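A.B. asks: My questions are about this predicted structure, shown below with the sequence.
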Amino acid sequence: MFGYYFDLAWRSLKRNKVLTALMVLAIGLGIGASMTMITVLHVMTADPLPDKSARLFYPQIDPQDMEGYTPGKEPMDQFSWIDAMNLLHARKGSHQVAMTGGRVTVRPPQGESRAFFADARYTSSDFFSMFDVPFLYGGGWTADDDDRQARVAVISRTLADKLFGADHAVGQSLRLGKDVFRVIGVVDHWDPVPHFYDLTQGSYHKTEDVFLPLETAMALGQGTSGNMSCWGHGGFPDPRNMKNANCVWMQFWVQLDTPAQVQAYREFLVHYSEQQKMLGRFQRPPNTRLHDLMGWLDYNHVVPGSVQLQALLALGFMLVCLVNTVALLLVKFLRRSSELGVRRAMGASKQSIFAQLLTEASLIGIAGGIAGLLLAFGGLWIVRHQPVEYAPYAHLDMAMLGATLVLALCATVLAAMFPAWRACRVQPARVLKIQ
Amino acid sequence: MQWRPILSSLRHHKLTALLLMLQVALTCAIVCNVVFMIVNRVEQVSLPSGVDEAGLSMLVSETIDKHENKRARHAADLAGLSKIPGVTAAVAVDTLPLGRDESSYGTCASAEDMATAIAAHSMMRGGLCVQPAVYGGTPGELGVLGLHLAAGRDFRTDEYVAGADEHVAGADVPVAILSRALAERLYPGKNALGQSIYTGGSKPIRVIGIVDTLLRPQLREAGVNQYAMLFPMLPNDGEVTYLLRSAPQDRERVLRMAAAKLEQLSPERIIPAGGMRTYTQMREAYFQRDTTMIGLLLASGLGLLFVTALGITGLANFWVQQRRRSIGIRRAIGASRGDILRYFQTENFLIVSGGIALGLLLAIMLNLVLMKHYELPRLPLYYLPIGALALWLLGQLAVLGPALRAAAVPPVVATRSV
């Protein structure tokens, strides 16, 4: 049966090549444009740690003074040193990590090549285990190393290759500014998208090349980077005394494995705020939040408005292409009233006419989908060559590839429903009489 | 014109005609908004910075020796850089228009305004004070940037003070040069020259010059983009930008030689990736997202018009084929080629007009949605007739081919059986 419909469809499409090509082109353009933008959105809203994101949480507390206080306003996005350390040492989660971004001056070992800047992360020890960081060689440091201000460093595979050759980087000395560190681990390629653990440096920032124990980096005065917000009348803080400044500049993550733990942590944050208020450090009533990883990305609007706008535009484009297809299919089907009338008169049921017409539409849909796929590949190639920070990640994976074809097929069949239904309604007697 | 036959034939094809109308309406709505967004961004990208951009290049240098005397380093570097053949002038600055790094000061027109603003804990509340960006640099900055002094004078060398470094706050500057926009905002209807501005320092700052145009390092809303001023403040930070003026065709060579020169003067520095470029390149990088978006909007707008034109042509072709016989009959009973041509053109005009009527409504609705979610400005009403005209033209162009084919149908067709 299907073979017969297929044959009929093929003949009909061949009979009017221009119109067929027009419909395929319209669907292809619509699908191509939409899939390009949907893929970009899909990549940008991806879960950076699918196995673990539901168990990772970002707390917020409100340490500011009463100046500019409005009840119900969202608390600050980062932590001061004191609060981050208090939360870290309270050990209320399965794991917790306090960290900040930084920039270091790398002096290559041979001396003849020039010094350069590298992005760094100064973090407490749980970073690597909490975020499932893959190690090529060696490993991270311990909480003890952090407390002792051990001069150890973990570096990226790229930096290790550049400085020592990745195979024998572990154990080497790494010179950062005036200070010397021992390399204890090399991180394999690891580029979580978005750069979830610190969104202040751009949501699609690349993973840092150097990781240092937080206490060590602070003690040595390695330069920090990222956003900082301060309050009170202290003015801009002295960079050598960041630990006591009324400023937030650190990020804090906690791993909570059970709902009970999550609930307990929420209560802990409120208790902590009350306690600090009693101590006179906080002035505002407790105002706390606890977002899980995906919630935190959402709260921070990591997807730029311009990308959403582009996706919206692409969908509008698709809509116009579909209306176009509906109109063209309608005239195409109605024009064949006489042929359909003959088939009806010879005993074909309405359902079989309907099925035949939808088969024809499906063929157009599949052809349009393939055209759209080619266009989407081209579109994404263009996106990748744009100097925007998320550009390298714009790739079509298998799931999106399948989705493209399915979308094209569904959209066309949907577009064909109404014209096909109209065409089925023809009265065989009337059509035959006219002829 | 024979409207009756057109209308009655449209009634026969009302579904198809309605679908075509809907397509024209959607296209009209989207294209009006897309064109509006394109115009907005083009305006943004072509904002004048006030700087004479053509012959300007810059080098960012960052010291890695924390104990270096920064100002002595800058002076030595500048002496070396000005000797490079082709360099007509060189200065060290802290930041540039469209340079992204911005420092700004809450600035008020009078001491009373300042006191009120401090009492209200907000510089901006009540609209008394503004937050202009501040540019500092070594003597000659005004000339190297090529800013046009509308009134007053440049700084004298004895007016320069050292800017802030990591340890010490900067000294108070005695004088400042304001952009015209800032001067008019602080002293509306008055001559700003000779007035004193208040930034919370120990002394008021006297206005000694006004430049025509000066953009901020980081653009904000249209109204405040030009709130900027120059201070006679010597850069005193580990990171500094050297500005070099040369003939435009010498820029690449001058940059290469300057980098080598700096390296030779002191190797204890890093010129960061992207820290060596012409002003033109910096401007392009600043507006990269906007230019990308313009390209994208343009492509989708043209794509939409293309698909709609294809749709119109496709349908018109169909209708012509379908009506060959009746066209033949009309020709046989005396209609001229022109009549047939006009028939199809009028039919198209009617359908497109219907689409446009709906489309203009949709355009305004779409704009309202975009205004709400994406902070887009309101669509000016004059875009609507322009959009309508464009679609009428597009419709007529798209139908021309099929209509001419219809007009070419010979009357003899009427006598043949189908």
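C.D. replies: Looks like it came in fine.
A.B. asks: Check the gap between residue B:270 and residue B:60 for me.
C.D. replies: Distance, residue B:270 to residue B:60, using CB to CB, to the nearest Å: 9 Å. Glycine gets a C-beta too; all of them are placed from N, C-alpha and C.
A.B. asks: same thing with residue B:340?
C.D. replies: Distance, residue B:340 to residue B:60, by CB to CB: 70 Å.
A.B. asks: Between the two, point out the one with more neighbours.
C.D. replies: residue B:340 (23 against 19; other CB atoms under 10 Å in any protein chain shown).
A.B. asks: give me every residue that touches the more buried one.
C.D. replies: B:327, B:330, B:331, B:403, B:406, B:407, B:409 (CB atoms under 8 Å, 6 or more residues apart in numbering or on different chains).
A.B. asks: Dump the residues you listed to CSV, plus neighbour count.
C.D. replies: Shown next, in CSV, are the contacts of residue B:340 (neighbours: other CB atoms under 10 Å in any protein chain shown):
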residue, neighbour count
B:327, 24
B:330, 20
B:331, 21
B:403, 23
B:406, 23
B:407, 20
B:409, 20
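A.B. asks: Now, those residues that are in helices?
C.D. replies: Taking DSSP state H, the ones among these that sit in helices are B:327, B:330, B:331, B:403, B:406, B:407.
A.B. asks: any idea what sits nearest the fourth one, other than its immediate chain neighbours?
C.D. replies: Computed as CB to CB, 6 or more residues apart in numbering or on different chains, the closest residue to residue B:403 that is not its neighbour in sequence is residue B:344, at 3.7 Å.
A.B. asks: Tell me which helix or strand the one you found sits in.
C.D. replies: helix B:337-374 (DSSP states H and E).
A.B. asks: List the buried residues for that helix?
C.D. replies: B:340-356, B:358-360, B:362-364, B:366-367, B:370 (16 or more other CB atoms under 10 Å in any protein chain shown).
A.B. asks: Please apply the same query to stretch A:204-214.
C.D. replies: Neighbour-count burial for stretch A:204-214, with 16+ other CB under 10 Å as criterion, is recorded at A:204, A:205, A:207, A:208, A:209, A:210, A:211, A:212, A:213, A:214.
A.B. asks: partner strands of whichever strand or helix holds residue A:290, parallel or antiparallel?
C.D. replies: Assigned by DSSP H and E, residue A:290 belongs to strand A:289-292. According to DSSP bridges, strand A:289-292 forms sheet pairs with strand A:56-60 (antiparallel).
A.B. asks: what's downstream of the partner strand, the next helix or strand?
C.D. replies: Next element after strand A:56-60 (DSSP H and E): helix A:81-90.
A.B. asks: and that following helix, how far out from the chain's middle?
C.D. replies: Relative to its chain's centre, helix A:81-90 lies at 29 Å (CA atoms, centre = their mean, to the nearest Å).
A.B. asks: helices or strands up against it?
C.D. replies: strand A:95-107, strand A:251-255, helix A:259-278 (3 or more CB pairs under 8 Å, 6 or more residues apart in numbering or on different chains; DSSP states H and E).
A.B. asks: which one of the ones you listed lies closest to residue B:136?
C.D. replies: Comparison of these against residue B:136 by CB to CB identifies strand A:95-107 as nearest, at 23.0 Å.
A.B. asks: any bit of that closest one sitting next to chain B?
C.D. replies: Yes. Residues of strand A:95-107 are located near chain B by CB under 8 Å from any CB of the partner chain, namely residue A:105.
A.B. asks: got the angle between that strand and strand A:251-255?
C.D. replies: 140 degrees (axes from the mean of the first three to the mean of the last three CA atoms, to 10 degrees).
A.B. asks: Format the CA atom coordinates belonging to strand A:95-107 as PDB.
C.D. replies: The C-alpha trace of strand A:95-107 is given here as PDB (Å, rounded to 0.1, in the frame of the first residue of the first chain):
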ATOM      1  CA  HIS A  95      31.900  18.500  50.100                       C
ATOM      2  CA  GLN A  96      32.300  22.200  49.900                       C
ATOM      3  CA  VAL A  97      34.700  24.500  48.100                       C
ATOM      4  CA  ALA A  98      35.600  28.200  48.300                       C
ATOM      5  CA  MET A  99      37.400  29.800  45.500                       C
ATOM      6  CA  THR A 100      38.300  32.900  43.500                       C
ATOM      7  CA  GLY A 101      39.700  33.600  40.000                       C
ATOM      8  CA  GLY A 102      43.100  35.000  39.500                       C
ATOM      9  CA  ARG A 103      45.800  35.800  37.000                       C
ATOM     10  CA  VAL A 104      49.400  34.700  37.300                       C
ATOM     11  CA  THR A 105      52.600  35.600  35.500                       C
ATOM     12  CA  VAL A 106      54.100  32.400  34.200                       C
ATOM     13  CA  ARG A 107      57.900  32.400  33.800                       C
END
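A.B. asks: so residue B:15 sits right up against residue A:423, yeah?
C.D. replies: No. Here residue B:15 does not reach residue A:423: they are 11.3 Å apart, not a contact under CB atoms under 8 Å.
A.B. asks: Count the residues that sit near the residue in the stretch 101-250 of chain A positioned nearest to chain B.
C.D. replies: Closest residue of the stretch 101-250 of chain A to chain B, CB to the nearest CB: residue A:105 (4.8 Å). Counted by other CB under 10 Å, the residues lying close to residue A:105 total 19.
A.B. asks: can you check residue B:230 too?
C.D. replies: 25.
A.B. asks: Quickly run through the sheet partners of the helix or strand that contains it, with directions.
C.D. replies: For residue B:230, the host element (DSSP H and E) is strand B:228-231. Partners of strand B:228-231 in the sheet, by DSSP bridges, are strand B:133-136 (parallel), strand B:175-179 (antiparallel).
A.B. asks: Distance to residue A:287, mean pLDDT and mean neighbour count for those strands - can I get that in a markdown table?
C.D. replies: A markdown table is the format used below for those (distance: least, CB to CB, whole Å; pLDDT from 0 to 100; neighbours: other CB atoms under 10 Å in any protein chain shown):
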| stretch | distance to residue A:287 | mean pLDDT | mean neighbour count |
| --- | --- | --- | --- |
| strand B:133-136 | 33 | 92 | 25 |
| strand B:175-179 | 40 | 94 | 26 |
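A.B. asks: Nearest to residue B:246, out of those strands?
C.D. replies: With CB to CB as the criterion, residue B:246 lies closest to strand B:133-136 of the strands paired with strand B:228-231, at 21.0 Å.
A.B. asks: Nearest residue to the residue nearest the centre of chain B in space, please, no chain neighbours.
C.D. replies: Closest to where the C-alpha atoms of chain B average out (CA atoms, centre = their mean) is residue B:44, at 1.5 Å. Of all residues not flanking residue B:44 in the chain, residue B:290 sits nearest, at 5.7 Å (CB to CB, 6+ apart).
A.B. asks: My understanding was that that neighbour contacts residue B:43; is that so?
C.D. replies: No. Using CB under 8 Å, residue B:290 makes no contact with residue B:43, being 9.9 Å away.
A.B. asks: Could you look up the SS state of residue A:310?
C.D. replies: Counting by DSSP: H, G, I helix; E, B strand; the rest coil, the backbone at residue A:310 sits in helix.
A.B. asks: Please name the residues that touch it.
C.D. replies: Residue A:310 sits next to A:37, A:40, B:293, B:296 when contact means CB under 8 Å, 6+ apart.
A.B. asks: ok, now how distant is it from residue B:373?
C.D. replies: From residue A:310 to residue B:373 the distance is 13 Å (CB to CB).
A.B. asks: if you count what's nearby, which of residue B:290 and residue B:43 comes out ahead?
C.D. replies: Each of residue B:290 and residue B:43 has its neighbours counted (other CB under 10 Å); residue B:290 has more, 16 against 11.
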